[in-house]
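here are the coordinates; sequence isn't available:
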C-alpha cells in the first residue's frame with residue numbers, strides 16, 4: 001500500500017488527525033489516521049488466516065477511503081467484491097495479479113470507466129470501528145455485513161464491476 005499522506009497530497013486532500021474519519025465517518029477521535037491504525041491493527045491480529053475475510057476486509061476499507069489510494073482503486077476493489085459477494089468466487093492470494101491484469105487490459109479500451117469516490121460519508125453505514133471488540137464469530141458476521149454494506153453503497157457502479165468481473169471469470173475461472 002502506498003503512503004496515505006503522499007497519495008492524499010497528490011489528490012490535493014489534507015488528512016485530518018482529529019475527530020471522526022473524514023471519509024467513512026468512523027467513530028474515532030484521531031480522524032483518518034486513527035481509522036487506518038484500527039484497520040492495520042485488526043488486519044494484523046484478527047483477519048489474517050482466512051483469505052476471503054482478508055480480501056473483503058481490504059476491499060471495504062479501500063472503497064471507503066478512495067482519496068488515499070490510486071486512480072483505479074475503486075474499480076479493482078468493487079470488481080473483487082462483485083466476484084466474491086455476487087459470483088461466489090473462492091478468492092485466493094494467487095488471483096489478485098490475474099484480476100489486475102484483466103483490469104489493465106480493460107483500462108486500455110475504457111479509460112473513462114473510472115468508478116469515482118462516492119461523496120464523503122455516503123460510502124456505507126458501517127465502518128472498521130464496528131468491528132472493534134467483537135468476538136471471532138461476531139467479528140466474521142459483522143465483517144461480511146460491512147463488506148455488503150459498502151458494496152451496496154456503490155450500487156450505481158456495479159455494471160462496470162460486472163463487466164470486468166465477468167471478463168475475469170471467462171478467462172480464469174472456467
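Thanks, I have the structure now. Small disclaimer: the values here were computed from a predicted structure and weren't measured. Residues are numbered from 1 along each chain as shown.

From now on I want contacts and neighbour counts done on CA atoms only, so please keep to that.
Noted.

distance between the longest helix along the chain and the chain's centre?
In the chain, assigned by DSSP state H, the helix with the most residues is helix 136-153. Between the centre of helix 136-153 and the centre of its host chain there is 12 Å, according to CA atoms, centre = their mean, to the nearest Å.

Find the residue closest to the spatially most central residue of the chain in space, skipping its chain neighbours.
Residue closest to the average C-alpha location in the chain (CA atoms, centre = their mean): residue 59, at 2.3 Å. Closest residue to residue 59 apart from its sequence neighbours, by CA to CA, 6 or more residues apart in numbering: residue 77 at 5.0 Å.

and the one you found, how far is that from residue 27?
The gap separating residue 77 from residue 27 is 23 Å, by CA to CA, to the nearest Å.

Have a look at those two and say which one is more surrounded.
With neighbours defined as other CA atoms under 10 Å, residue 77 and residue 27 compare such that residue 77 has more, 21 against 16.

Look up how far residue 86 lies from the more buried one.
Taken as CA to CA, the span from residue 77 to residue 86 is 13 Å.

what residues does whichever strand or helix holds the residue nearest to residue 59 touch?
Here residue 77 sits within helix 73-81, counting by DSSP states H and E. Residues outside helix 73-81 that contact it (CA atoms under 8 Å, 6 or more residues apart in numbering): 56, 59-60, 62-63, 66, 99-100, 103, 114-117, 147, 151, 154, 158, 160-162, 164-165.
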